[in-house]
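Asks: With the sequence up front, the predicted model follows.
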12 protein chains.
Amino acid sequence: MTNHVYKKVELVGSSPKSIEDAIETAITRAAKTLYNIRWFEVVETRGQVSDGRVAHYQVTLRVGFTLDE
Amino acid sequence: MTNHVYKKVELVGSSPKSIEDAIETAITRAAKTLYNIRWFEVVETRGQVSDGRVAHYQVTLRVGFTLDE
Amino acid sequence: MTNHVYKKVELVGSSPKSIEDAIETAITRAAKTLYNIRWFEVVETRGQVSDGRVAHYQVTLRVGFTLDE
Amino acid sequence: MTNHVYKKVELVGSSPKSIEDAIETAITRAAKTLYNIRWFEVVETRGQVSDGRVAHYQVTLRVGFTLDE
Amino acid sequence: MTNHVYKKVELVGSSPKSIEDAIETAITRAAKTLYNIRWFEVVETRGQVSDGRVAHYQVTLRVGFTLDE
Amino acid sequence: MTNHVYKKVELVGSSPKSIEDAIETAITRAAKTLYNIRWFEVVETRGQVSDGRVAHYQVTLRVGFTLDE
Amino acid sequence: MTNHVYKKVELVGSSPKSIEDAIETAITRAAKTLYNIRWFEVVETRGQVSDGRVAHYQVTLRVGFTLDE
Amino acid sequence: MTNHVYKKVELVGSSPKSIEDAIETAITRAAKTLYNIRWFEVVETRGQVSDGRVAHYQVTLRVGFTLDE
Amino acid sequence: MTNHVYKKVELVGSSPKSIEDAIETAITRAAKTLYNIRWFEVVETRGQVSDGRVAHYQVTLRVGFTLDE
Amino acid sequence: MTNHVYKKVELVGSSPKSIEDAIETAITRAAKTLYNIRWFEVVETRGQVSDGRVAHYQVTLRVGFTLDE
Amino acid sequence: MTNHVYKKVELVGSSPKSIEDAIETAITRAAKTLYNIRWFEVVETRGQVSDGRVAHYQVTLRVGFTLDE
Amino acid sequence: MTNHVYKKVELVGSSPKSIEDAIETAITRAAKTLYNIRWFEVVETRGQVSDGRVAHYQVTLRVGFTLDE
C-alpha cells in the first residue's frame, strides 16, 4: 500500500436467500461501475417480514475501492 | 405509510445451523402472537461453544409490527 | 455459574464460503490451545473483494473461556 | 420517586407534518393502553421520501411508564 | 439451549440504598408476571439528587426470559 | 423489494427556520440529480449561533436511493 | 479560525411547544453569561408526558463558545 | 418542569469502598458550590489496582442542576 | 509514566453478592499470573436470574498492566 | 452559511510518515475533483505493520464540501 | 489518589501545524485558569480545509483537573 | 488471505513526543514477542498533563497478528 487513497461508498443489498447473498448482490452491482473494489464492512443487517416469514435480508455495507491516480 | 404507529420488541432466536436460521426461529415464534410483523433489525450476534465447536448461534433482533388502530 | 472467572480474547476468522464458516474457522483454531471455550460474540463483519466478487469473509469475534482455578 | 419500577417500550410514530407530530402520534396511540406514561426518549429520526419530497417523518421512541404495584 | 426463543423487556428499578438494590427491585417486580427470567443486562445507571445527596439510584435493565412454546 | 440495491449518500442541509426545513432543503437539492430517493436517516443535528440566537439549524442526513439496474 | 480555543458546555433546554423552542430556550439562557457562543450540537432529545400528552420537550445540547484570549 | 434550563458538569468521584461511595463523594463535593443539583448519570466506572487488589473505584458522572433564572 | 507499554486483557468476574465483589473476584484471579496490574475499566454489567432473584452479578472488565521491559 | 447544502464523502488516506500526512494525502487527492471542500472529520485511525514497524498510517476521513447550486 | 474529586471540561484547540499542536494549544489556554490539570482525552479530531489544503486541525478534548478541597 | 486466523491484543503506548511515537513504542514492544504483527487500530488517545503542559501522549491500540498454524 503506497500512498493510495481509497473511497468508501455505502450500499444496501437485499436478498430473499441469505445475508451472504445480500452482500454479494450489492458487491456485484457496485462492480459494474467501480473497477477497484478492495473490501467491504457490514454496517447493519435487517430485513423485511411478510406473512410471518423473512421476505428479504437487507445488509448495509461500506464498500472501499482505490481511487485512480 | 399513513400515520401508523409501530412497536418494536426485542427477541433472541437460536439455532445450531446458521445465523439466518436463528433469525427465522425468532420470527416464526413471534408470528404466533403478533399478526403484523413488518421488519427486523439485527442487534447482536453471538453463540455458545461446546467441545470446541459452535453449538448454537444466538441472534438478538428488534422486530417491528403495526399496532392495531 | 459459581464465582468463575472468564477471559475473552479477540480473534478474526476468515473464509471464502460464509460468515458462519469464518466464525467456525476461528473457534476451531482457538480450541487448539484453549480448553474451556464457552461463548463468542461477533464484533465486526467485513470482507475482501477481488475481481468484483467476495473473496473472503472476515469476522472479528470475542471468544470467552473459563480460566482454570 | 419511591421504589417504583418503570417499563420502557419502543414505538415508531409517523407524520407527514413534523417530527413533533410524529412523536405525539406515537404517544397518543400508546396512551390508549398504557395509563401511566411518564417520559419518552428519541432513539432515531428518519423518514420516507417520494417524488423528491419528504412524505413522512418516522421517529423511534422509548416510552417509559410506571408499572402498577 | 435448544432452539428456544427469548424476549427482552426494558425496565427501570429504583432504590435509595444501592445499585444492586435497584436491580433487585426491578427483577422482583418483573418476576410477578414473567415466570422464566434468565438474565439481565445493565443499560444505564443514573439517580436523583435532593438536598445535595443521592435520593434514589435508578438502573435501566434489559431483562431476558424464555418464551413459552 | 426485489433484489434492489440502494446507495446512501451523506448530506447536510441548513435552514434558519427549523430542523424539518433543513431536512427538506437537503432532500430538495438531492432530488435534482437523484431520481429515486426513498428514505433518509438523521445522523446529527447541530446549528450555528450568532448574537446569542440560533442562526441556522444544520442537519446531517443519510439519503437512500435505488440504483438503476 | 486562528488558533482560537473553544469551550463546550452541556445544557438542557425545555419547552412545551417544540424541539426548536427547547433549543432556543437553552441558547437564550446561555447567552446571558456567555458572550461568544458559536455553535451547538444536539446530544439527546426526550420529553415528559402527562395525561397521555407531551408536556415538555427536553433537548440536551453541547454549546461551543470562544474563550477570551 | 416549566421552561427551566439545566446545566450538566462532568465529575469523577473516587472511593476505596464502593461504586456508590464514589458517586456520593462526587455529589457531596459538587453540592458545596452548586445549589440545585437534580440528577446524575454514570458515564464510566473504572478503578485503580495496587498489590493485586482494588485500591479505588473511580466513577465518572454527569451531574445536572437547575440554572438560576 | 516513562515510555511504559501497557497491555489490557478482558475478564468477566462473577459473584452472588455484589458488583464490587464480582470485580474483585476477577482482579484477584488475574493477579495470580499478572504482577503489575494498574487499573481496570468496567465494560459491561449483567447477571443471571433464577427463581425470580439475582443469582450472580457478572461484570466484564478490561484490566491494564505494565509489560515488563 | 445561507441555506447551502453540503455533501460528505468518506476517504482513506495513507502515509508512511504521520497521521497528518495521511490526512493531507486524502485531502489533496479529493481536491482534484471537488472544488469546494470545507472541512473533514477523522473517523478511524489505523495502520499496517511490517517487520515489527509501522509501514503506513491509514486515516479514514469524512470530507465535507458545498454542493453547487 | 485519595478520595479526590476531579472535574472534566470540554475544549477545542486548533492549529495549522499538527494534531499535537492543537492539543497543546488547548492545554496551554486551559492552564491559565485551571491549576491542577491532570489528564486529557481526545474526543474528536477534525479540521478546516481551504484551497484544497488543511487550514487548521481542530481537536476536541476532555480535560480533567483536581477540584480544590 | 487464505483461511488465516488473526488475534488482536490491546496495548497502550506512551511517549512525551507525539501520538505517532506512542504508537511506535507500543508496536516495537509488541514485536519482541509477536512475530507476525500485521496491522493496528487506534482505540483511544489521551495523555497526562503536568505543570500545564502535555507530559505524555497515551495511545490505546488493538494490534492484529497472524496465529501460527
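Replies: The structure has been received and is ready for your questions.

Asks: Could you look up the SS state of A:Lys32?
Replies: With DSSP: H, G, I helix; E, B strand; the rest coil as the basis, A:Lys32 sits in coil.

Asks: Please save the CA atoms from the helix or strand encompassing A:Lys7 in PDB.
Replies: For A:Lys7, the element it lies in under DSSP states H and E is strand A:5-15. Presented in PDB, the C-alpha positions along strand A:5-15 are these (Å, rounded to 0.1, in the frame of the first residue of the first chain):
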ATOM      1  CA  VAL A   5      -6.300   7.000  -1.500                       C
ATOM      2  CA  TYR A   6      -9.400   4.900  -1.000                       C
ATOM      3  CA  LYS A   7     -13.000   5.900  -1.200                       C
ATOM      4  CA  LYS A   8     -15.900   4.200   0.600                       C
ATOM      5  CA  VAL A   9     -19.500   4.200  -0.600                       C
ATOM      6  CA  GLU A  10     -22.500   3.000   1.400                       C
ATOM      7  CA  LEU A  11     -24.700   0.400  -0.300                       C
ATOM      8  CA  VAL A  12     -27.700  -1.700   0.800                       C
ATOM      9  CA  GLY A  13     -28.000  -5.200  -0.800                       C
ATOM     10  CA  SER A  14     -31.100  -7.300  -0.500                       C
ATOM     11  CA  SER A  15     -31.800 -11.000  -1.000                       C
END
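
Asks: Is it positioned near chain F?
Replies: Yes: using Cβ under 8 Å from any Cβ of the partner chain, we find that strand A:5-15 touches chain F at A:Val9, A:Glu10, A:Leu11, A:Val12, A:Gly13, A:Ser14, A:Ser15. Where you see a C-beta, it was placed from the backbone N, CA and C, and this is true even at glycine.

Asks: Pairing partners for that strand, with directions?
Replies: With DSSP bridges as the test, strand A:5-15 is paired with strand A:53-66 (antiparallel), strand F:5-15 (antiparallel), strand J:5-15 (antiparallel).

Asks: Tell me which residue of chain A lies closest to chain K.
Replies: Closest residue of chain A to chain K, Cβ to the nearest Cβ: A:Val5 (13.6 Å).

Asks: what about chain A, any weak spots by pLDDT?
Replies: A:1-2, A:69 (pLDDT under 70).

Asks: how does it look with 90?
Replies: A:1-4, A:68-69 (pLDDT under 90).

Asks: before we move on, the earlier item: I'd like the strands paired with strand A:5-15 laid out as TSV, including distance to G:Ser50 and mean neighbour count.
Replies: Output for the strands paired with strand A:5-15, formatted as TSV (distance: least, Cβ to Cβ, whole Å; neighbours: other Cβ atoms under 10 Å in any protein chain shown):
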stretch	distance to G:Ser50	mean neighbour count
strand A:53-66	38	21
strand F:5-15	31	21
strand J:5-15	39	21
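
Asks: hmm, back to that, can you tell me which residues contact the residue of chain A closest to chain K?
Replies: Going by Cβ atoms under 8 Å, 6 or more residues apart in numbering or on different chains, A:Val5 touches A:Thr66, A:Leu67, J:Leu11, J:Val12, J:Gly13, J:Ser14, J:Thr25, J:Ala26, J:Arg29, J:Ala30.

Asks: residue contacts, the closest residue to A:Val42 other than its chain neighbours?
Replies: Leaving out its chain neighbours, the residue that sits closest to A:Val42 by Cβ to Cβ, 6 or more residues apart in numbering or on different chains is C:Thr45, at 4.1 Å. C:Thr45 sits next to A:Glu41, A:Val42, C:Ile19, C:Tyr57, C:Gln58, C:Val59, C:Thr60 when contact means Cβ under 8 Å, 6+ apart.

Asks: which ones are touching the third one?
Replies: Which is C:Ile19. A:Ile19, A:Glu20, B:Ile19, C:Thr45, C:Tyr57, C:Val59.

Asks: Quick check on A:His4: phi, psi?
Replies: A:His4 adopts backbone torsions of phi -70, psi 160, taken as degrees, to the nearest 10.

Asks: Look at A:Glu41 and say how many residues are nearby.
Replies: Around A:Glu41 there are 16 other residues, counting by other Cβ atoms under 10 Å in any protein chain shown.

Asks: Likewise for A:Arg38?
Replies: 17.

Asks: Distance of the closest residue to chain E within chain A relative to H:Arg29?
Replies: Nearest residue of chain A to chain E, counting by Cβ to the nearest Cβ: A:Gly52, 13.6 Å away. As judged by Cβ to Cβ, to the nearest Å, A:Gly52 and H:Arg29 stand 56 Å apart.

Asks: Could you check which of these two has the larger neighbour count?
Replies: Neighbours per residue (other Cβ under 10 Å) separate A:Gly52 from H:Arg29, with H:Arg29 holding more: 21 against 15.

Asks: Wait, a helix at the more buried one?
Replies: Yes: assigned with three-state DSSP, H:Arg29 falls within a helix.

Asks: Wait, it touches H:Gly13, no?
Replies: Yes: with contact defined as Cβ atoms under 8 Å, H:Arg29 counts as touching H:Gly13 (7.3 Å).

Asks: How much space separates the residue located most distally from the centre of chain A from chain D?
Replies: The centre of chain A is farthest from one residue, A:Asp51, which by Cα atoms, centre = their mean lies 26.8 Å away. Separation of A:Asp51 from chain D (Cβ to the nearest Cβ, to the nearest Å): 21 Å.

Asks: Ramachandran angles for that residue?
Replies: phi 50, psi 40.
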